[in-house]
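Peer 1: Predicted model follows, preceded by the sequence.
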Amino acid sequence: MPKGITKVSNMTSFSTEALRIFELQKAYSYTLKNSTHQERIKRLQTFKEAIVAHKTDISSAIFRDLGRDSLETDIIELMPVLSEINLIIKSLQDWMKPKMVKTPLLYSGTKSWISYEARGTTLIISPWNYPFQLVIYPVLSAIAAGNAVCMKLSEFTPNINQVIKKIVQKSFPEKEVTVFEGEAKEAQILLDLPFDHIFFTGSTNVGKIVMKKAAEHLSSVTLELGGKCPAIIDENTDIEVITQRIAWGKYINAGQTCLAPDYIMVHENVLNAFMDSFKTHLNDFTQNKERASKVINLQHFKRLKNLFDDAIKLGAKVEMGGEFLESQQAIQPTIMTNVTPQMLIMQEEIFGPILPVMTFRRLEEVTEFVNSLTRPLALYVFSKNQNFVHEVVSQTHSGGVTINDVILHMANHHLPFGGNGHSGQGCYHGHFGFLEFSHQRAVLQRNVDLGTSYFYPPYTDSKKKLVATVIEKFSKLL
């Protein structure tokens, strides 16, 4: 069996092989934990070289799986991954250094620091919508932190899975990084193993299952989920500029993006201007229909059609698009008005190329509605009025925020990327990914005894008096 690849034919052999790999990685985890920054950087450089060597294969495979244009894949998957690798290679030595911390007066004679240690064995379960970026990002963080990695790829993207396996095969022995495929049953088998950390990207419903399984072993968990990300448009904004940004963020990858604007709340005074401008930009984006991404499978296609049909039945109006081609699993980019909270399309994450639009008059209508739903992964607010922006951000919750644009906060490696509540927990990217896959171990070293032992038993009256004096002094300082 080639290194880095695990292929099995039935559930029994999958269980046996999964356990074998897990035990192999568990035994090797202490070697990885104690590896130097030079050794980790060398692994990352080898990984990068293999990725670059297969860059054409990556975009071609994703085209076969998702129908996505190769240039779009290069922009939204390959470029960010290479940038992330470069950042880690440049910064890892500094990240790995123990962080010295201050010593309180009461503990004079000691010194303390934080040691960044690998969590150990890690399981990374990736989604199908960005099948390269969303598995490689956490793998990079896990390797940087000195962990062993089991990758579980989506069963919906078989072509890119094969490329990823080739890249892993060239880069790592199986005791460091191994790739698994399979469906829900195979994922269940992996989740039954006592991994030290589980990183899951996907739906909120499956995230709850992952968290329950992790609880059985007290495994730490990172959950990158989703939610209904609102785009809130004030009347005081540049409509022509922002509509192009929103259209791009919504319809890349056929709307199958966890950070995509899920719905619009636009001030009623600029609704018509917004719609006219949005239609113009949407026409530009849909010129080359044969190169547009498709919906991943028939199940998701029918789910989206059901959301659309329910909205139409309850009075929604199609402003543009609305064509569903089942034989091609394709949906024409669609925008709808006259949308109400009672419609299914406003009650669950859309995750497709349908954009519902609601209007508001008062800011309170916006915050009340956003807060009536579960916390989204991202929130977008468009306004030249900083008071409006401040009120929206301060009166709502979300994983992240981009102001006067969409998605870009995720692209900045110096910002943490992650959800809040139903949209996830934990964060990664850049240094935050290194920290997420590290245990921050507290270390205190006693050098000399400057009287701390005075406070040991027996508890005499003089000691009680001294402690009371110290507490009184501390109380006054508060």
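Peer 2: On my side now, so go ahead.

Peer 1: When you work out contacts or count neighbours from here on, use the C-alpha atoms and nothing else.
Peer 2: OK.

Peer 1: Domain-wise, how is this structure divided?
Peer 2: Segmentation of the chain into domains, based on automatic domain parsing, reads 11-225+427-439, 230-412.

Peer 1: Let me have these in TSV, adding distance to residue 471 and mean neighbour count as columns.
Peer 2: Listed next are these as TSV, based on distance: least, CA to CA, whole Å; neighbours: other CA atoms under 10 Å:
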stretch	distance to residue 471	mean neighbour count
domain 11-225+427-439	12	19
domain 230-412	37	19
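
Peer 1: As JSON lines, those with mean pLDDT would be great.
Peer 2: Putting these into JSON lines (pLDDT from 0 to 100) gives the following:
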{"stretch": "domain 11-225+427-439", "mean pLDDT": "96"}
{"stretch": "domain 230-412", "mean pLDDT": "93"}
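
Peer 1: As a markdown table, those domains with distance to residue 464 would be great.
Peer 2: Formatted as a markdown table, the domains of the chain follow (distance: least, CA to CA, whole Å):
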| stretch | distance to residue 464 |
| --- | --- |
| domain 11-225+427-439 | 16 |
| domain 230-412 | 47 |
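
Peer 1: contacting residues around the closest residue to residue 330 other than its chain neighbours?
Peer 2: Nearest residue to residue 330 in three dimensions, chain neighbours excluded: residue 294, at 4.9 Å (CA to CA, 6 or more residues apart in numbering). If a contact means CA atoms under 8 Å, 6 or more residues apart in numbering, then residue 294 has 66-68, 253-254, 328-331 as its contacts.

Peer 1: tell me which element residue 115 is part of?
Peer 2: Assessed by DSSP states H and E, residue 115 sits inside strand 110-118.

Peer 1: again with residue 18
Peer 2: Per DSSP H and E: helix 11-33 holds residue 18.

Peer 1: Pull whichever helix or strand comes after that helix out as CSV, backbone CA atoms only.
Peer 2: Per DSSP H and E, the first helix or strand lying C-terminal to helix 11-33 is helix 37-53. In CSV, the C-alpha atoms belonging to helix 37-53 read as follows (Å, rounded to 0.1, in the frame of the first residue of the first chain):
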residue,chain,number,x,y,z
HIS,A,37,10.6,24.1,13.5
GLN,A,38,13.1,23.1,10.9
GLU,A,39,11.7,19.6,10.6
ARG,A,40,8.1,20.9,10.4
ILE,A,41,9.0,23.6,7.8
LYS,A,42,10.7,20.9,5.7
ARG,A,43,7.5,18.9,5.7
LEU,A,44,5.5,21.9,4.7
GLN,A,45,7.9,22.8,1.9
THR,A,46,7.7,19.2,0.6
PHE,A,47,3.9,19.5,0.8
LYS,A,48,4.0,22.8,-1.1
GLU,A,49,6.1,21.4,-3.9
ALA,A,50,3.7,18.5,-4.4
ILE,A,51,0.8,20.9,-4.5
VAL,A,52,2.5,23.2,-7.1
ALA,A,53,3.4,20.1,-9.2
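
Peer 1: Mind giving me the packing neighbours of helix 37-53?
Peer 2: helix 79-96, helix 133-144, helix 158-171 (3 or more CA pairs under 8 Å, 6 or more residues apart in numbering; DSSP states H and E).

Peer 1: quick one: terminal-to-terminal distance for stretch 451-462?
Peer 2: End-to-end distance of stretch 451-462 (CA to CA, to the nearest Å): 15 Å.

Peer 1: Give me the contact list for that stretch.
Peer 2: Stretch 451-462 has contacts (CA under 8 Å, 6+ apart) with 106-107, 463.

Peer 1: show me the contacts for residue 402.
Peer 2: Residue 402 sits next to 378-381, 408-409 when contact means CA under 8 Å, 6+ apart.

Peer 1: same thing but at 6 Å, please
Peer 2: 380, 409 (CA atoms under 6 Å, 6 or more residues apart in numbering).
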